[in-house]
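Q: Structure here, sequence nowhere to be found:
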């Protein structure tokens, strides 16, 4: 109820001309990563980047100095946000590390868990009669866990995303503990939900204190609500300091 | 020289208001295919679909009744063209077969040679300590070879594309023989050429009679030149009938 009141108080209109996150540095990751198999083929995922772009936009509107590290998307750079475009998970991690220190990191990108254990410089050819190739996968760096476990320059608030197709809350609670981040925004990306690539999102915010179920909202509204929660975090921190 | 004269004669201006391919049915495939690994991941390739869309546009402008079977792209449907959107190679083949009979088929799509031998309905999870998954690939249907070897409804002209990164001509000549198509449009898609996703293309037209090297041209000009060559094919055929 206290949070709801704060959220109400800091509704969009209340910020007209004010920049309550001024002085806060934010890092947002967004989009898929593409992991090359050869010069023409790659592994991809269906992330559109819309949720992460909306979060970067909402944080910048509240005055945060915002860097958006984005995998390949068709989206326009949000106004007032510094965009660093990357393709692979390894490039995304490097761009994040180069953006530190920040006060808050929101890891919304759908980073490929695996890349292919080859990076052929010539196109793999389909030879008549030859056996089909096997793609051996190797684990990509875990950007969320890496940032969460930093011993120097760890952001004071690290927010991860969990895209699940089953047992959404259970997996998200486990993911929060495993990754070492502060909050997890969990959503159900089963194809029938239309979340991946779509305009709407139903999310659950998992914090140390428990679970909040947010209603079905446009991704932009999810972003604004998350930005206000981030603001409340820094407001509380400053009050308690 | 005869062909050059025909091409000159039928230059774009000569068609003002005329529709010399009226009565001809054309099928064009374009774009990449996406092959799902699980609900969120897929195999893809860097084809933008620009060359195929330009060819469909050029054929429709000359009056051909044109169907474009397109993999996932960001392009707008060309005016006057019937577009059938597909995702996978198997869907593309089915859409092509449903579009027959046609007089000319131009297979410009970068069809994935392989798909993954699973189609998980649940997201593959990265389990701590578990071994990394292997992706076993299986061959996709060969759309160009299938259309070229049809015993009924084979188009009178089947044009394939070869995207190569080395030995471009040698591979294209072999591909023409192997697939059983009439012409191959061969291009070098090495990353340094910028052809994949770019606006320009250097192609070689491989026919029964030999090889033509076309200069570096915008993809639209390649499309118009190919459309005029297709027109010349049908003009010659009708003259010799």
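A: That came in fine, so what should we check first? Small disclaimer: the values here were computed from a predicted structure and weren't measured.
Q: by contact count, what packs against the lengthiest helix in chain A?
A: Across chain A, the longest stretch assigned as helix under DSSP state H is helix A:219-240. With contacts defined as 3 or more C-beta pairs under 8 Å, 6 or more residues apart in numbering or on different chains; DSSP states H and E, the packing partners of helix A:219-240 are helix A:2-9, helix A:50-61, strand A:104-107, strand A:157-164, strand A:200-201, strand A:203-207. No exception for glycine: its C-beta is placed from N, CA and C like everyone else's.
Q: if we go to 7 Å?
A: Counting contacts by 3 or more C-beta pairs under 7 Å, 6 or more residues apart in numbering or on different chains; DSSP states H and E, helix A:219-240 is packed against helix A:2-9, helix A:50-61, strand A:200-201.
Q: So the residue lying farthest from the centre of chain A, which state does it fall into?
A: Using C-alpha atoms, centre = their mean, the residue of chain A lying farthest from its centre is residue A:129. It sits 43.8 Å away. For residue A:129, the secondary-structure state derived from DSSP: H, G, I helix; E, B strand; the rest coil is coil.
Q: List the contacts of stretch A:176-188.
A: Contact partners of stretch A:176-188, identified using C-beta atoms under 7 Å, 6 or more residues apart in numbering or on different chains, comprise A:144-145, A:148-149, A:157-165, A:168-169, A:172, A:175, A:195, A:201-207, A:226, B:128.
Q: 6 Å instead?
A: For stretch A:176-188, contacts defined as C-beta atoms under 6 Å, 6 or more residues apart in numbering or on different chains pick out A:144-145, A:148-149, A:157-162, A:168, A:172, A:175, A:195, A:201, A:203-207.
Q: Quick one, which of those residues are buried?
A: Buried members of the contacts of stretch A:176-188, scored by 16 or more other C-beta atoms under 10 Å in any protein chain shown, are A:144-145, A:148, A:157-162, A:168, A:172, A:175, A:195, A:201, A:203-206.
Q: quick one: the most centrally placed residue in chain A and residue B:117, what's the gap?
A: With distances taken as C-alpha atoms, centre = their mean, the residue of chain A nearest its centroid is residue A:108 (0.9 Å). Separation of residue A:108 from residue B:117 (C-beta to C-beta, to the nearest Å) stands at 32 Å.
Q: in chain A, what spans have low per-residue confidence?
A: Scanning chain A with the threshold set as pLDDT under 70 gives A:1-17, A:119-121, A:128, A:241.
Q: Enumerate the residues of it near chain B.
A: For chain A, the contact set with chain B under C-beta under 6 Å from any C-beta of the partner chain comprises A:39-42, A:44-46, A:74, A:113-114, A:122-123, A:126, A:132-137, A:165-166, A:191.
Q: 8 Å instead, please
A: A:34, A:37, A:39-47, A:74, A:110, A:112-114, A:122-123, A:125-126, A:128, A:132-139, A:163-166, A:171, A:178, A:189-191, A:196 (C-beta under 8 Å from any C-beta of the partner chain).
Q: Write a PyMOL command that selects only the buried members of the residues you listed.
A: Entered in PyMOL, the line below selects the buried ones among these, by 16+ other C-beta under 10 Å:
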select buried, chain A and resi 34+37+39+40+41+42+43+44+45+46+47+110+112+113+114+123+133+135+137+163+164+165+171+189+190+196
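Q: Sort out for me which of the residues of chain A next to chain B are in helices.
A: Counting by DSSP H, the residues of chain A next to chain B contribute A:171, A:178 to helices.
Q: buried set for stretch A:74-85?
A: For stretch A:74-85, burial by neighbour count (16+ other C-beta under 10 Å) applies to A:75, A:78, A:81, A:83, A:84.
Q: go on, stretch A:219-237?
A: The neighbour-count check on stretch A:219-237 (16+ other C-beta under 10 Å) flags A:219-234 as buried.
Q: ok, so of the residues you listed, who is nearest residue A:63?
A: residue A:231 (9.3 Å; C-beta to C-beta).
Q: Which residues lie in contact with residue A:125 in this structure?
A: Listed by C-beta atoms under 8 Å, 6 or more residues apart in numbering or on different chains, the contact partners of residue A:125 are residue B:171.
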